[in-house]
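Asks: Here you go, sequence then predicted model.
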Amino acid sequence: MARYLGIDTSNYTTSAALYDTEQHRMIQAKQLLPVKPGEAGLRQRDAVFHHTKQLPKILEELFSQTPPVFDAIGVSARPRSGEDSYMPCFLCGEGAASILAVTHQLPLYRTSHQIGHILAALYSAEAMHLLQAPFLAFHVSGGTTDCVLCSPDPAQCLRITPVSTSLDLKAGQAVDRVGLMLGLQFPCGPALEQLAMQCEGLSVRPRPVIKGMDCCLSGLENQCRRMLDTGTPAPKVALYCLMAIAETVYAMTRAAQDAYGPLPVVYAGGVMSNQLIRREICRHGKVYFAQPAFSCDNAAGVSIYAALAAGEGEGL
C-alpha cells in the first residue's frame, strides 16, 4: 500500500491529487484558469502562463490537507493517447512532475489527459472492475466529443482505440457558445444547466445529426441562435441545447454498441457532469457516470494511473 501523486494541467484547470491506497482516500486540489468576461476560451500561451502561476499554489493547497509524502508520481503529458497528441499546457505539469521525481528519486508515470478522465470516472463510479475486459468510454468536454474502445493493456493500463467523434463543434464548445449567446459567463456549463432547469419541457425533441458513428454539432449552435432571435425564452433555448447533446451522445452510444456489441459504457468529461444530460442518457439503460467532482478536469485519474502502473491494482 502506498501514496500516489497526480498532476494535470489541462486547457482550463490546474489540478493535483494524492491517492492513498491504504486508506482508500483521494485528496484533490484544483483551480480553473481565469478567462476574461465575454471570451470563449484561452490561447495556449495564456494557459501556460496561468498554470505556471497556479501550480505551486495548488500543490501547496494539496499538501496542506495531507503530508507531502508519496511513493510515485503520475502526470498527464498529452491530451489523448495517440503518440502525435500534443498541447503546450501539459508541459507545465510534466515539467513539475519531472522535477519532483528527480529530487525525490521516485518513479514517474506519464499518461494522457483522456485516460486520466476515464480512470477518474471508473473510480468514482465504483467500476474499476471494468478494466478487466473491453468497454466503451465517452470523453465529452470543451475539446472532445469522443467515443473510444478501451481494452486491457499491461504496458499502459488501457489501450485506446478511437471509435467516433464530432466532425465539427465539440459538445463543450456548443454549451459555451450557447451560454455566451444567452449572456452567461464562460465556462457556461453550470449556469446553462441552472437556466435550463427553469424550463418545464420541450414540445419538440432535438434530432441528432449522425454520420456513420460520428456526429455533427455545428447545427445546434445555429438552431439555438434562430430560437433566440425569434423570441424563444432563454430557459427553453438552454434546455434545447442540453437535450440535443444528450440525444447526440446517446445516438453515438447506440451506434458504437451496434458495431462492437453490448459493451459497458462509461461517461467522463466536464459536459457529462450535467445532471439533465445524465438523467436523459440513463433512461436508456444501465451505464456508468463519473461523479461531478471527478467528471470535470481533475488529477484523480492520473494518480490512479500511477498506482496501477506501480502494480497497485489490487489496492484499488
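Replies: Arrived safely. Numbers count the residues shown, from 1 in each chain.
Asks: quick one: the helices in the stretch 51-200 of the chain?
Replies: Counting by DSSP state H, counting those that start in this stretch, the stretch 51-200 of the chain has these helices, from start to end: 90-104, 113-124, 171-181, 189-196.
Asks: Tabulate the ones you listed (TSV), appending mean pLDDT and mean neighbour count.
Replies: All C-beta atoms are positioned from the backbone trio N, CA, C, and that covers glycine. Compiled in TSV, the helices of the stretch 51-200 of the chain are given as follows (pLDDT from 0 to 100; neighbours: other CB atoms under 10 Å):
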stretch	mean pLDDT	mean neighbour count
helix 90-104	98	18
helix 113-124	96	28
helix 171-181	96	24
helix 189-196	96	20
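Asks: between the ones you listed, which gets nearest to Y19?
Replies: Of all the helices of the stretch 51-200 of the chain, the one in closest proximity to Y19, counting by CB to CB, is helix 113-124 (8.5 Å).
Asks: can you give me the angle the closest one makes with helix 90-104?
Replies: Between the direction of helix 113-124 and that of helix 90-104, the angle (axes from the mean of the first three to the mean of the last three CA atoms, to 10 degrees) works out to 70 degrees.
Asks: Wait, A40 touches G179, no?
Replies: No - the pair A40 and G179 fails to qualify as a contact (CB atoms under 8 Å) at a distance of 9.1 Å.
Asks: Give me the common contacts of those two.
Replies: Common contacts of A40 and G179, defined by CB atoms under 8 Å, 6 or more residues apart in numbering, comprise F186.
Asks: Report whether C215 is found in a strand, as I expect.
Replies: Yes - when DSSP: H, G, I helix; E, B strand; the rest coil is applied, C215 is found to be in a strand.
Asks: show me where the stretch 1-150 of the chain has strands.
Replies: Assigned by DSSP state E, counting those that start in this stretch, the strands in the stretch 1-150 of the chain fall at 3-9, 13-20, 25-32, 72-78, 108-112, 135-140, 145-153.
Asks: can you tell which of those is closest to L100?
Replies: When those are ranked by proximity to L100, the top entry is strand 72-78, at 5.8 Å, counting by CB to CB.
Asks: pLDDT on that closest one, on average?
Replies: The average of the pLDDT scores along strand 72-78 is 97.
Asks: what residues does it touch?
Replies: Applying CB under 8 Å, 6+ apart, the contact partners of strand 72-78 are 2, 4-10, 85-87, 90, 93-94, 96-97, 100-101, 106-113, 115-116, 299, 302-307, 309-310.
Asks: and what of stretch 169-188?
Replies: For stretch 169-188, with CB under 8 Å, 6+ apart as the criterion, the contacting residues are 12, 32, 35, 37-41, 140-145, 189, 191-192, 195, 216-218, 220-221, 224-225, 228, 234, 237-238, 241-242, 244-245, 248-249, 269-271.
Asks: and if we set it to 6 Å?
Replies: Residues lying outside stretch 169-188 but in contact with it, judged by CB atoms under 6 Å, 6 or more residues apart in numbering, are 35, 40, 140-143, 145, 189, 191-192, 217-218, 220-221, 224, 234, 241, 245, 271.
Asks: Just give the closest residue to M1, not the sequence neighbours.
Replies: Leaving aside its sequence neighbours, M1 sits nearest to E22 (CB to CB, 6 or more residues apart in numbering; 3.6 Å).
Asks: residue ranges with poor pLDDT in this protein?
Replies: Under the criterion pLDDT under 70, the flagged ranges of the chain are 313-316.
Asks: If any of the contacts of stretch 169-188 are buried, put those into a ChimeraX selection.
Replies: Once 16 or more other CB atoms under 10 Å is used to decide burial, the buried members of the contacts of stretch 169-188 can be selected in ChimeraX as follows:
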select :35,140,141,142,143,145,189,191,192,217,220,221,224,234,241,245,271
